[in-house]
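Undergrad: What would the 3D arrangement of this be:
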Amino acid sequence: MSFPYDDLADLIDRATQFAEGGATVAARMRLAEARQLINDGLRAAEEQPARRVYLDCEFLPALTTTGGFVSIGLTDGQGRDWYAVNAEMDFAAVMANPFQRQHIVPLLPLDASGALDVSHPDVKSLSQIRDEVTAYFDTESGTVLYAYYGSNDLMRLHSLWNHDWGVMPGVVPRWLDDLKALAVRAGNPPMPPQTTGIHHALHDARHNRVMHEVLLSLGHG
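TA: Below you'll find the predicted structure:
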């Protein structure tokens, strides 16, 4: 946020210097008002730090379309959770993958036959997931997104809008801070083990927050 503000402040400074000799009183007042708005914006940004959000997605690696998008979990620094399972995933392809079948499918809502329980409230259409993800990120403060080995997670998030940034709402983060990269820069400190819910997107997202808290306590992150 500081980069565009700094650029605009410099532009107004230059305009003020250029106009000092011949600007009307009204023009000088307009420049002073613009400068005040910038200062107010910078103070507001300092008083309201960016919201930290932690992401995890479960997915079928070989299927990079939304058919391979299994589930998504989000949580933030205040513990606000959101979770969804993709009702439109290619469940047959997911079941055909041994790792998915053994580690991920048992954590999904299933009916008595072992099929995806599309009546479960966590199982949502892609349209509903898009709307709810947008609402989750739509806050007054900016957002910094974190994930662990997060390049695939970010790609899956963006796949909800077919990777079209012109269509994807502006509140959805375009980039993230990778917790593994932050950990390496911190000297790879030991992290608390995740004891439950491994490969459940929301549980994994919550553990991302735990790891980040460790890094923050060490002065990194």
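
Undergrad: Three-state assignment for the residue nearest the centre of the chain, please.
TA: Centroid-nearest residue in the chain, with CA atoms, centre = their mean: residue 145, separated by 3.9 Å. Following DSSP: H, G, I helix; E, B strand; the rest coil, we place residue 145 in the strand state.

Undergrad: What of residue 85?
TA: Residue 85 is classified as strand under three-state DSSP.

Undergrad: List the contacts of it.
TA: Each residue near residue 85 by CB atoms under 8 Å, 6 or more residues apart in numbering is listed here: 70, 71, 108, 109, 116, 120, 122, 123, 124. The way it works is simple: take the backbone N, C-alpha and C, and place the C-beta from them, glycine included.

Undergrad: Looking at the residues you listed, which are in strands?
TA: 70, 71, 123, 124 (DSSP state E).

Undergrad: The third one is in contact with residue 116, isn't it?
TA: Yes: if you go by CB atoms under 8 Å, residue 123 and residue 116 touch, sitting 6.4 Å apart.

Undergrad: Give me the common contacts of the two.
TA: Joint contacts of residue 123 and residue 116 (CB under 8 Å, 6+ apart) are 85, 87, 109.

Undergrad: Leaving out the residues flanking it, which one is nearest to the last one?
TA: Here the nearest residue to residue 109 in space, its sequence neighbours aside, is residue 120; by CB to CB, 6 or more residues apart in numbering that works out to 3.6 Å.

Undergrad: What about the one you found, how many residues nearby?
TA: Each residue near residue 120 was counted by other CB atoms under 10 Å, and the total is 14.

Undergrad: Now that we're looking at it, what pLDDT does it have?
TA: Looking at residue 120, its pLDDT is 98.

Undergrad: How much space separates it from residue 69?
TA: From residue 120 across to residue 69, the span is 17 Å (CB to CB, to the nearest Å).

Undergrad: swap in residue 214?
TA: Residue 214 is 29 Å from residue 69, by CB to CB.

Undergrad: ok, the two, which is more surrounded?
TA: residue 69 (25 against 17).
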